[in-house]
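Participant: quick one: sequence plus predicted model below, questions after.
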Amino acid sequence: MPDIATPDTVVSAPLTAADRCDRCSAAARVRAELPSGGELLFCRHHYNDHEARLVELGAVVVVEN
């Protein structure tokens with residue numbers, strides 16, 4: 001049986017206190033990984049503001065407490 005290629009699974013490191021929102025520099029609580037390969041970090045407030053657009057773009061969103 002031939003080897004079956006499987007996509008690599010990329011697991012992002014957990015957010016730390018050093019990670020800041022890309023919009024306002026507050027503590028980041030959400031990581032949005034874009035299909036193009038980029039990522040955005042958001043505080044909860046700015047994530048709520050941009051959630052609909054991120055979904056439209058097909059971003060993978062990881063919300064941390």
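Facilitator: Thanks, I have the structure now.
Participant: just list the residues touching the closest residue to residue 65 other than its chain neighbours, thanks.
Facilitator: Nearest non-adjacent residue to residue 65, counting by CB to CB, 6 or more residues apart in numbering: residue 29, 7.5 Å away. Where C-beta positions appear, they are placed from N, C-alpha and C, glycine not excepted. For residue 29, the contact set (CB atoms under 8 Å, 6 or more residues apart in numbering) comprises 15, 42-44, 47, 63-65.
Participant: just the buried residues of stretch 54-64, please?
Facilitator: 54, 59 (16 or more other CB atoms under 10 Å).
Participant: of the contacts of residue 29, which pair is most distant in space?
Facilitator: Farthest apart among those by CB to CB are 42 and 65. That separation is 14.2 Å.
Participant: neighbour count for these two, which is higher?
Facilitator: Each of residue 42 and residue 65 has its neighbours counted (other CB atoms under 10 Å); residue 42 has more, 25 against 4.
Participant: where does the more buried one land on pLDDT?
Facilitator: Per-residue pLDDT puts residue 42 at 98.
Participant: burial of residue 19, as a residue count?
Facilitator: Residue 19, neighbours per other CB under 10 Å, totals 15.
Participant: for it, phi and psi?
Facilitator: Backbone dihedrals for residue 19, given as degrees, to the nearest 10, come out at phi -80, psi 130.
Participant: with residue 38 instead?
Facilitator: Dihedral angles (degrees, to the nearest 10) for residue 38: phi -80, psi 170.
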